[in-house]
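# I would like to see how this sequence folds:
(chains A and B)
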Amino acid sequence: MLHTKNKKLVLLISVMLLILSTVLLGCTSESVEQEEADASSETSESTNMITFSWPRDIGEMNPHVYNPSQMFAQSMIYEPLVSYQDGGELEPHLAESWDISEDGKEYVFNLRQGVKFSDGSSFNAGIVKKNFDTILDNRERHSWLGFVPLIDQTEVVDEYTFKFTLTEPYYPTIQELANVRPVRFLGEAGFPENEDTSKGVEQPIGTGPWVLEEHKVDQYATFKRNENYWGELPSVERIKVNVIPDAETRVLAFEKGELDLIYGEGVINIDAFNQLKSTGSYESSISEPVATRILVMNTNREMLSDIQVRQALHYGFNKEAIVEGGTSGLEEEADRILSTNFPYASNVDATTVDYDVNKAEQLLDDAGWKLPEGKDIREKDGKPLEIELMYNSAESIQKTMAEALQSEWAKIGVKLNIDGVELPTQVERFNKNEFDMNFYSTSGAPYDPHYFVNIVATEGFGFVEAISSYPNKDELLSQIAAVQQSTDENERQELYTSILGSLQEQGAIVPISYIKQIAIYQKGVSNFTFPANRDEHPFTGISIEE
Amino acid sequence: MGVYILKRIMTIIPIFLIATLLTFGMIHLSPVDPAEAYLAAANIQPTEELLEQTRQEFGLDKPLLVQYINSVMKISQFDFGVSYVTNKPVWEEVSSRMPATIQLTVGSLIIAILASIPLGFLAGIKKNSGIDHFSRFLSFFGASIPSFWFGYLLIFFFSVKLDLFPVEGIGTWKHLVLPAITLALPLIALYTRLLRASVLESLEEPYVLFARTRGIHEKKIMGKHVLRIAISPMITGLGMNLGKLMTGAIIVEAVFSWPGFGRYFIEAVFNRDVPVIQCYVLLAAGLFLISNLIVDLIQMYIDPRISRKGRQFQ
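Next comes the predicted model:
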């Protein structure tokens, strides 16, 4: 009897041990920290605080790294030399002014005096050089930014004058300095021992209006106002970022009042946005165009190499209806590759292509694609007019638009096969020129127009191959090369007018719609403005009733 | 007894090795080139030269067998490599998110047990009564409603309308209630039916009749004998589902913004973060093995006939 009881005891103990070990496997010191953090967050709850949500954790607050760090958060802490404002105006920020040498190679910046980092250390040419140097240590990683590979040397001229020299002139340098990353400035105490920030920073110390106060990975982050900020002090004391990955949950949390603000691109379903707006209980706004959704036709494919076919396709769909239906009225029908609020883009000639089925059919007939009797699909030399459109299957707007195009083009005798793929596959196939048609979004503010034309001209991004049937391709490429090196403003404008006009006229790059950001906020929130730079935080000037 | 447990633990090792072999094979068969995925995650335009360099860095240029042995050696020391996206050790990232997932899983398991044992048992001994009908309704409801939808419904009624619980986040027990119920519902549906069927079956067994003829009190027959035998298939089911719960918490974690490792894994899939995916698959395999072992031991404890039977064949 005792024997069996013993056996049972052994069994029981081993079961308990196993269960415990499974549970303890993950319970590290983390859980203790969590409790402490919970206690402190309750006490720090203040009324003058804006709570908003973001789909992902803010990531590491290091100004010199990319994903998964979130740009809006990086821009709250770290500031640029130059800031990108409405209409593409480049305004002084940490640099009060700058001089560019005649040959376009030397850049001298007069830094703002009296700027302090959030730890009290001062901002000067020395720390600017230190940041530049660690960025240049990882040149490869930042080479997507045109001016980084061209930097020859960096120099401290005096305490508040910083200078760098390029190996060749590159006009977009100033505009690229406005980007959220990587050229923003970390304070001395933030640097790790080996001075290489690519592997991490000691502390997130910047000059910006906000300081990271608390960060619980995948839960929330709170930012406190930087009381020593050199510019206008924010009226809100704290910003809390709740990480809510699910769009529906975000809407529910907002309705319940757990959130003061929802902001961004694609952060909530457009129908939910319209529904919240229609209740009249909240304030909402929609931004200026921040980028353009375009359709790229691969002229490397025989059918699409004919400009008449491309134009026919352009005439053959009702853009207005597709944009309205696909985006529930959020996005705006686009006639230009870059909307007029982008630098150098306002003078570009863009002929509006009005929906005209008869014209489309006429163009296809003229191109030799005839509709055989008793068939629905046009043919030429026995080959049917069948095209494939690739789209990102995770993006509902692309999917809806692809389906709409399929039914529109069927009416003019074109068979469109739509192929939904994952984003990495979409990018990969586009870069390798393995597509007939593809959806693409321009990078938008503050990257365009130079980033877009640069991508069009660079091998390995898909465009240069896609426009290979353009009769003026060589001229275009040499113009794009010339525009980057131009030192004369008028010449530059002329080149852009010609490049953008021609890209559009040839019809392989079809503008569809302008992408916009949305914001919806509780009645107590006021002075909300969208940042002109789509990656920046939207909290400048914002206030909330206490 | 101790020998038996040791033997059971020993059998885990070859099974786990097979699991590593399968994951390794899957990753190498998939069209994703880890070197390319790494460069894409690091925001670097891949060139042939860079790809070659990256492959050397990760040892991807070595023969497959060497790569496999290396990876097994590392895994046995809980070294799952470094995430392509965050550049931090995968195990560190996963284990820091584990407490949240475990909290959610254990919470929902407790709810599932507390709800389904009384419900299934009563439905079984009182066939066709009101409680039986209710359990049937709950089972159909629980088995057919998608968990994300049920989650939204709970948030809408109990959080937005009645303001009883927070919509999202983690921290207090109040945060745990809605996600744990959401995760537990399909289990409740399943186990209530399972237990009911098994109770009905047990009631037909001769030992119930003998017990009654011996004049043992009905309550004692039901509680001490019928339930004890009938609960056995349910425990097996629980064991099979413990691993599933952990890995299946992904949707619930997303809906309730629960900071567990399911969400981390989803992002890894989108980013093609190969080391994280590998770690997750192996973790799931490990969980299934351990939970099955636990279940076997509990079974032996409850129904000693099982181990006796086992010994007959030795």
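# enumerate every residue touching the residue in the stretch 201-314 of chain B positioned nearest to chain A.
Proximity of the stretch 201-314 of chain B to chain A (Cβ to the nearest Cβ) peaks at B:Pro259, 3.5 Å away. (Glycine included, C-beta is placed from N, CA and C.) Counting by Cβ atoms under 8 Å, 6 or more residues apart in numbering or on different chains, B:Pro259 touches A:Lys216, A:Val217, A:Asp218, A:Gln219, A:Val243, B:Arg97, B:Ala100, B:Ile170, B:Glu253.
# in the stretch 1-150 of chain B, what residue comes closest to chain A?
For the stretch 1-150 of chain B, Cβ to the nearest Cβ, closest residue to chain A: B:Met98, 2.6 Å.
# how about the secondary structure of that residue?
helix (DSSP: H, G, I helix; E, B strand; the rest coil).
# is it true that it touches B:Phe261?
Yes - under the criterion of Cβ atoms under 8 Å, B:Met98 makes contact with B:Phe261 at 6.1 Å.
# these two: which is more packed in?
B:Phe261 (29 against 21; other Cβ atoms under 10 Å in any protein chain shown).
# state the distance from the closest residue to the more buried one other than its chain neighbours to B:Trp173.
Spatial nearest neighbour of B:Phe261, excluding adjacent residues (Cβ to Cβ, 6 or more residues apart in numbering or on different chains): B:Arg97 at 4.0 Å. Per Cβ to Cβ, to the nearest Å, B:Arg97 is found 20 Å from B:Trp173.
# looking at those two, which one has more neighbours?
Taking neighbours as other Cβ under 10 Å, B:Arg97 and B:Trp173 compare with B:Arg97 leading, 23 against 9.
# and the pLDDT for the more buried one?
If you check B:Arg97, the pLDDT there is 87.
# low-scoring stretches of the stretch 51-200 of chain B, by residue?
For the stretch 51-200 of chain B, applying pLDDT under 70 flags no range at all.
# give me the most central residue, chain B.
Compute the mean C-alpha point of chain B, and by Cα atoms, centre = their mean the closest residue is B:Gly243, 2.2 Å away.
# who's in contact with it?
B:Ala284, B:Leu287, B:Phe288, B:Ser291.
# so the third one, which of the three states?
Local secondary structure at B:Phe288 is given as helix here, using three-state DSSP.
# disregarding residues adjacent in the polypeptide, which is nearest to it?
In space, B:Phe288 is closest to B:Gly243, 3.8 Å off (Cβ to Cβ, 6+ apart).
# can you verify that neighbour is assigned to a helix?
Yes - looking at B:Gly243 with three-state DSSP, it is inside a helix.
# quick check: the gap between it and B:Thr101.
To B:Thr101, B:Gly243 is 12 Å away according to Cβ to Cβ.
# now swap in A:Val243 and tell me
Per Cβ to Cβ, A:Val243 is found 16 Å from B:Thr101.
# ok, now A:Ser486?
Using Cβ to Cβ, one gets 56 Å for the distance from A:Ser486 to B:Thr101.
# hang on, the earlier thing: now the contacts of B:Gly243 as a markdown table including neighbour count and pLDDT?
Converted to a markdown table, these look like this (neighbours: other Cβ atoms under 10 Å in any protein chain shown; pLDDT from 0 to 100):
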| residue | neighbour count | pLDDT |
| --- | --- | --- |
| B:Ala284 | 18 | 82 |
| B:Leu287 | 19 | 82 |
| B:Phe288 | 20 | 82 |
| B:Ser291 | 22 | 82 |
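# circling back: in what helix or strand does the residue of the stretch 201-314 of chain B closest to chain A lie?
Under DSSP states H and E, no helix or strand contains B:Pro259.
# neighbours of the closest residue to chain B within the stretch 151-300 of chain A, just the number please.
Using Cβ to the nearest Cβ, the single residue of the stretch 151-300 of chain A nearest to chain B is A:Asp218, 3.5 Å away. A:Asp218 has 20 neighbouring residues, counting by other Cβ under 10 Å.
# for it, phi and psi?
Backbone torsions for A:Asp218, taken as degrees, to the nearest 10, come to phi 70, psi 0.
# ok, now which ones touch it?
Taking Cβ under 8 Å, 6+ apart as the test, what A:Asp218 contacts is A:Asp57, A:Val243, B:Arg97, B:Pro259, B:Arg263, B:Tyr264.
# wait, is A:Ile174 part of a strand?
No - applying three-state DSSP, one finds A:Ile174 to be helix, outside a strand.
# verify the contact between it and A:Ser83 for me.
No - in this structure, A:Ile174 is not within contact of A:Ser83 by Cβ under 8 Å, at 10.7 Å.
# what about the two, which has more around it?
A:Ser83 (21 against 18).
# in the sheet, who's paired with that one?
A:Glu91 (DSSP bridges).
# show me the contacts for it.
Listed by Cβ under 8 Å, 6+ apart, the contact set of A:Ser83 reads A:Leu90, A:Glu91, A:Pro92, A:His93, A:Ala178, A:Asn533.
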